[in-house]
Structure formats: C-alpha cells, structure tokens
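> Here's a sequence, model it:
(one chain, ligands or ions: 1)
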Amino acid sequence: MARIFTQHRVRKSIPLAEMWDLNIEGVDVDRIPVPCCIETNPKLISYKGKAMLKTEFEAKGNIRIEFSGVSHTALVSLDGKLIGKHYGAYGSFDYILKEQESGSHELQVEIDNSFNEEASLNRPNDYYSYGGITRPVVVEKLDAVYIRQIHFLPYKKEQKWCGNIKAAIVNLTKQSQVTTVEVELAGQILQKEVLLQPEEEKEIVFEQEFPTVEAYGPKNPKLYMLNATIIMKGKIIDDYIDRIGFKEVSIEGQDILINGEKIIIKGFNRHEDYADYGCAVPLQAMYLDIELIKNMGANCIRTSHYPNDERFLDLCDENGILVWEEAHARSLPEEAMRHPLFMEQEKLSIYEMIENHYNHPSIFVWGLLNESCDYTEFGRQCYKELIEYIKSLDNIRPVTYAACNYDQEVCFNLVDIVSLNMYPGWYTDKTTEEFLVDAVRWAESQGGAGKPMLVSEVGAGAIYGFRDRTHAKWSEERQEELLTQQLESILDSSRFSGVIIWQFCDCRVDTEWANVRPKTQNNKGVVDCYRREKLAYRKVKEIFEQHEK
Ligand code: ADA
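Below is the predicted model of the structure:
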C-alpha cells in the first residue's frame, strides 16, 4: 500500500520507473508519469477511451503487484498474459504471482475511462471521470508466507482500552509451514505459533488489554505503530506495519460521540481534484488541502463521493481530522441502480473501502449512495442490502448517506445518522431555518426519529475573482453571504450534530454539465481548483472558530 509512513522494513519493494510508455491509437503521446491522469497531457485533456500503459521491472520468485487506484477500468497483463480486470477508480487491488522467472518482466495496464455499459458507477456527472493509473503502484517481493491484511479494533472494557487484532496470513507454498506470528503494539509483544496447510490462508486473532495508552481524538490524534511479523526457522520473513488509534465512536440519542464526548461536526466535502492534475492529487497538494482545512477551523472531511487515496487518510489520521468516507456513487436514479452490474460494483467499492481503510482512526462513519434512489421500494431494497453489507464488514462504525429527496425519503430507518443536503438561497428561496424545520419533520416522520442529524451539504457557487457590488449570483460576495446565513443557522440549531460545506475546492465536471456549471467546473469551493481563497474562506474560518467546541 502506498502510505506516508514505512509499511515494510523486511518485505522488499521492487523499484518501478516513474515514467511509463503510453500508447493510444492515433495519438502522438508516448510517455506519461505514473501516477498521473492522462488528461494532464494537453493532447489528452478531454480524452475518453482506452489507453495502454507499460513498464518493466526486475524480479524473481513470489511477487505482489498492488494498484492503489486505476480510473476507471484496468486490464492488467504481466509478460503478455492477462492477470486480471478491475473496475473502480477509487479502490486498491492487488495480484499475487508465484515463482516468477528471474529477470525483467513487462507490466501492461490497459485503462478505460469511457462511459460504457460495464461501468455502472461512472456516468456524465457533477465531477469528472478521469483516466489513467491515478494512484501509486507498488511491486513487492514475497517469501513463503506473507501477511495479507491486519485489522485492528479498539474498544473499552471496564474503562480500560483493549484491542482485537485480526491478522490474515497466507502460505504461498505447496507444503505446510510452521510459523510464528508476532504483533508488537504500544510496548506489548504478542505471539502465536501457526501451522499453515499448503496454500492456506488463516486468520490469527489476538485480544489484549492496553491499560496505558492514550485515546485518539480530534484534539489529541495519538497514533501507535502496529508492527506484525512472520518468523520462520528463527528468521523474520515478512512484516506489515500500520498506524492505529484507540478511538470509539458511538451514538447516544441525537448525539454523535467520540470516546464518550459529544462532537459537533464542522466539515468540508472534498473532491479529489487539483487543477491540471485531476484526481491524481500530488501528496504536496493533499498536504496543502489539510493545512487549509485545519486553518479554517474544520474538524471533518467527507470524501464525496468515493473512497480516497490512502495517503490522504493518513494525513487526516495525523491531524485528527474526522472522516466520513463513502463508497463510489453520486446521485444514481432508479434506472442506474437497476443496471445489471450496479449491485456487484457498488459492493466491490464498499469492500475495497472497508477492507483497506478499516484501521484509520480518523474514519468515524461509512457513507454510501449520495442522493440516489432512496424514494422507491426498489431503491430501499438496494440501500438495505448495501447497508447490511457495510455492517457485515464493520459493525462498529455508524452508517449514513446524504439524502436530498426530502419528503419522499423511505430509507431513514436504515441508517444510524440522518444526513441531508440542502442549498437554501442557492437552488431555492427557502431560508435555512425553514429548511431545518422541514428536515427535522421529514426525519421524524420517515424513520429517522431521535437519530443524530447532519447537514451533509450546504453552500453556494462563486467564480474565483468575480467580485460584484450587487452580490450577483456567482459572485464571491454572494457565496460569502449565503454561507454565512447557512452556517450560522445550522450551527445554532441544537438538533443538528453539525454541517459539512459543499465544497472545499472547485472541481472539474463532465462536459454534459457545462450548461449549469460555468468553466465546466463545480464552483462551490471556498477555494478554486488552484486553492486560491475566495471571500468565503475567511468568513468560514471566522464562523467555525466562533463555534469552537
Ligand atoms: C448535490 C451533490 C453534489 C453536488 C451538489 C451541487 O448535493 O451531492 O455532488 O452536485 O449537489 O453542487 O449541486
């Protein structure tokens, strides 16, 4: 996994070139960095279709190839042989290749970012479906046995912190193997002897009290390194390092609690989108985003509308920024949810999100299906099946989704937190106060009675640099004025557990949205796509800091 800390000291990564060959029929571009959106090349700025990327690396024996994100479909071949196909621009996936010949190997990835019948979650939308290997790729050398995954679950027992550690260990050989699994965490060393049958995967579970650790929270994002190793015949042959936090999220009546303390959410929706780099946001830009979001006094980010690059989640962990992470989907009508591939593709996005991001202490809620069909019996069955699937993967964190069908909603009784998107003063003349009264009525009467409520989207558009004394629509003044009214009303309401502004930064949208999106961008950012502050930036900072809790 590409992380911002060292994940392996023993397991070796095989170096990959930063520039790969690129081949698109009829296009005169033959090289590209990885990671990178193909749209970064001016000749490909609006390219939709297939592209072949290729590189070589030296290896032998067992190897693991991991892609943190390929947008949106990847056909992966090694030495001319297809090893897998993956759909989903925002999930990590990997391939294990055993007993490779020693020498140079050719890795080929055919990507496809076109809107097509096999990509149920990518449709012309109010964000852009970029193309390319948009997140890091790693190739690792594996020994006879390796650690596939570690999940860490912190919990309190009689006021003491405890941890449940699940390690998935895989025997890559055709012989049975005796190994020792060792986990070191917060000064404690846990060990178990394990017999693995040929090619067996086994889950090893440790339960342990950690009486001296500090809790993880927004004000004290205390992280601990969890170091797991596989020992065979007295030698460490594999390791897996992760960072964890001792945090519990719970719901008490209408309140969301972190470690037993009520929290008021003051957050931003953030698209992974940066000017000429598209969704392949460089780490430097992620770092800048976190610093700007912290500077405005925010304590939360919603990864609208897909799982994020894990390095960004690492930054959120380090800074105590709470994360609402959501599976990929934006505003799917019933016909899109009836797509024959929808359910399996949405479940894959959910699986990759939770399986790979489970340990991040910053994640306090899982989200899904933003503004989708939650107003018909069919839609309700989809939400129900998918929420049950989320809970089967993580039955601790609460689940929510951002709703906008108001008095038509029929799914509020499926979620732990009722979240609503609203744009008073922008899409409707209704005031924020009127909207909040209605929202509570809709929640109370449609299955959400007594549950915590969040305003998951609120905001207004502004074209960066457009200043206007009349506060005309799209001026920075108008955005500042509307956000002021919206935020003050919501944060003054005791019935809501907080607000998530739409949105942190402007982002590119598909050309089909150009009629309603000046510059073919969603301009509701408080900074533009180059992170240049609009008037609203300082106002949000002032309001969030006034409501410091
Ligand atoms: C919706 C949607 C966002 C964005 C927003 C807007 O709430 O969830 O993705 O499209 O509206 O800007 O109108």
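
> count of residues packed around the residue of the chain found nearest the ligand?
Nearest residue of the chain to the ligand: Asp126, at 3.6 Å (Cβ to the nearest ligand atom). Glycine gets a C-beta too; all of them are placed from N, C-alpha and C. Neighbours of Asp126 under the rule other Cβ atoms under 10 Å: 18.

> Do you know the pLDDT at it?
In this prediction, Asp126 carries a pLDDT score of 98.

> do His86 as well
For His86, the pLDDT comes out at 98.

> list the contacts for it?
Counting by Cβ atoms under 8 Å, 6 or more residues apart in numbering, His86 makes contact with Phe67, Val70, Thr73, Ala74, Val76, Phe93.

> Wait, a strand at it?
Yes: membership of His86 in a strand is supported by DSSP: H, G, I helix; E, B strand; the rest coil.

> how far away is it from Glu25?
Distance, His86 to Glu25, using Cβ to Cβ, to the nearest Å: 22 Å.

> Then His8?
In terms of Cβ to Cβ, His8 sits 39 Å off from Glu25.

> what does Cys36 give?
Cys36 is 20 Å from Glu25, by Cβ to Cβ.

> Which one of those two is surrounded by more residues?
A count of neighbours by other Cβ under 10 Å puts Cys36 above the other of Cys36 and Glu25, at 22 against 8.

> Report the secondary structure state of Tyr389.
With three-state DSSP as the criterion, Tyr389 reads helix.

> that older thread, mind listing what the residue of the chain closest to the ligand touches?
Contacts here follow Cβ under 8 Å, 6+ apart; on that basis Asp126 touches Arg330, Ser331, Val509, Asp510, Trp513, Arg517, Asn522.

> One more pass at 6 Å, please.
Asp126 makes contact with Val509, Trp513, Asn522, according to Cβ atoms under 6 Å, 6 or more residues apart in numbering.

> can you check Glu58 too?
Ser104.

> quick one: strands adjacent to the helix or strand containing it?
Here Glu58 sits within strand 50-67, counting by DSSP states H and E. Its sheet considered, strand 50-67 pairs with strand 19-23 (antiparallel), strand 93-112 (antiparallel), strand 137-142 (antiparallel) by DSSP bridges.

> Just the buried residues of that strand, please?
Neighbour counts over strand 50-67 (16 or more other Cβ atoms under 10 Å) mark 50-53, 55, 57, 59, 62-67 as buried.

> Determine which two of the residues you listed are furthest apart.
Spanning the widest gap among these are Lys50 and Asn62, at 30.6 Å by Cβ to Cβ.

> any idea how far Phe268 is from Ile169?
Ile169 sits 39 Å away from Phe268, going by Cβ to Cβ.

> likewise Glu118?
According to Cβ to Cβ, Glu118 stands 33 Å off from Phe268.

> Need the strands paired with strand 50-67 in JSON lines (columns: distance to Tyr351 and mean pLDDT).
Formatted as JSON lines, the strands paired with strand 50-67 follow (distance: least, Cβ to Cβ, whole Å; pLDDT from 0 to 100):
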{"stretch": "strand 19-23", "distance to Tyr351": "28", "mean pLDDT": "98"}
{"stretch": "strand 93-112", "distance to Tyr351": "10", "mean pLDDT": "98"}
{"stretch": "strand 137-142", "distance to Tyr351": "20", "mean pLDDT": "98"}
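
> OK, contacts around the residue most central in space within the chain?
The centroid of the chain falls nearest to Pro307 when counting by Cα atoms, centre = their mean (2.4 Å). Contacts of Pro307 were listed using Cβ under 6 Å, 6+ apart, and they are Tyr90, Glu325, Met353.

> Would you mind measuring from it to Leu107?
Per Cβ to Cβ, Pro307 is found 24 Å from Leu107.

> Could you tell me which residues of the protein lie near the ligand?
Neighbours of the ligand within the chain, by Cβ under 6 Å from any ligand atom: Asp126, Ser304, Arg330, Ser331, Asn370, Glu371, Cys404, Asn421, Glu457, Trp502, Asn522, Lys524.

> The nearest residue to the second one once chain neighbours are set aside: neighbouring residues, count only.
If I follow you right, that is Ser304. Nearest residue to Ser304, sequence neighbours excluded (Cβ to Cβ, 6 or more residues apart in numbering): Asn269, at 4.1 Å. Neighbour count for Asn269, taken as other Cβ under 10 Å: 26.

> beta partners of Asn269?
Beta bridges link Asn269 to Arg302, judged by DSSP bridges.

> so what's it up against?
Arg302, Ser304, Ile500, Trp502, Gln503.

> hang on, the third one in a helix?
No: secondary structure of Ile500, determined by three-state DSSP: strand, with no helix assignment.

> I'd guessed Ser349 sits against His328; true?
Yes: contact criterion Cβ atoms under 6 Å: Ser349 and His328 qualify, at 4.4 Å.

> Ends of stretch 403-419, what's the gap?
Start-to-end span of stretch 403-419 (Cα to Cα, to the nearest Å) is 6 Å.

> Quick one: mean pLDDT over that stretch.
96.

> Contacts for that stretch next, please.
251, 371, 374-375, 380, 383-384, 387, 398-400, 402, 420-421, 442-443, 446-448, 451-454, 456.

> Repeat the analysis, applying 7 Å as the threshold.
Defining contact as Cβ atoms under 7 Å, 6 or more residues apart in numbering, one finds that stretch 403-419 is touched by 251, 256, 365, 371, 374-375, 380, 383-384, 387, 398-402, 420-421, 438, 442-443, 446-448, 451-454, 456.

> Buried residues of that stretch, list them for me.
Those would be 403-406, 409-412, 414-419, for stretch 403-419 by 16+ other Cβ under 10 Å.

> tell me which of these is nearest to Thr180?
Asp416 (39.8 Å).

> Who does Asp255 form a beta bridge with?
Bridge pairing for Asp255 - DSSP bridges - gives Glu252.

> Can you check the pLDDT for it?
98.

> Number of residues surrounding it?
Neighbourhood size, Asp255 [other Cβ under 10 Å]: 13.

> what's near enough to touch it?
Asp255 neighbours (Cβ under 7 Å, 6+ apart): Lys262, Pro452, Ser497.

> and the last one, how many residues sit next to it?
Other residues within reach of Ser497 by the criterion other Cβ under 10 Å amount to 23.

> Equivalent analysis for the first one, please.
Counted with other Cβ under 10 Å, the burial measure for Lys262 works out to 14 neighbours.

> Now do the same contact list for it.
Applying Cβ under 7 Å, 6+ apart, the residues near Lys262 are Asp255.

> Who does it form a beta bridge with?
For Lys262, the beta-bridge partners under DSSP bridges are Leu257.

> Please, where are all the helices along the stretch 401-549 of the chain?
For the stretch 401-549 of the chain, helices defined by DSSP state H, counting those that start in this stretch occupy the ranges 432-445, 476-492, 535-546.

> secondary structure class for Leu386?
helix.

> For it, which non-adjacent residue is closest in space?
Nearest non-adjacent residue to Leu386, counting by Cβ to Cβ, 6+ apart: Leu368, 5.6 Å away.

> Show the contacting residues for the one you found.
Residues near Leu368 by Cβ under 7 Å, 6+ apart: Glu326, Ala327, Ala329, Ile350, Leu386, Ile390, Tyr401.

> Quick check on the third one: phi, psi?
I take that to be Ala329. In terms of degrees, to the nearest 10, the main-chain angles of Ala329 are phi 180, psi 130.

> residues touching it, list them.
Shown in contact with Ala329 (Cβ under 7 Å, 6+ apart): Leu121, His305, Glu346, Leu368, Leu369, Asn370, Ser372.

> one more time with 6 Å
Contacts of Ala329 by Cβ under 6 Å, 6+ apart are Leu121, Leu369, Ser372.

> just the fourth one next, same as before
Residues near Ile350 by Cβ under 6 Å, 6+ apart: Ala327, Tyr389, Ile390.

> can I assume the last one is in contact with Val399?
Yes: in terms of Cβ under 6 Å, Ile390 counts as a neighbour of Val399; the distance is 5.3 Å.
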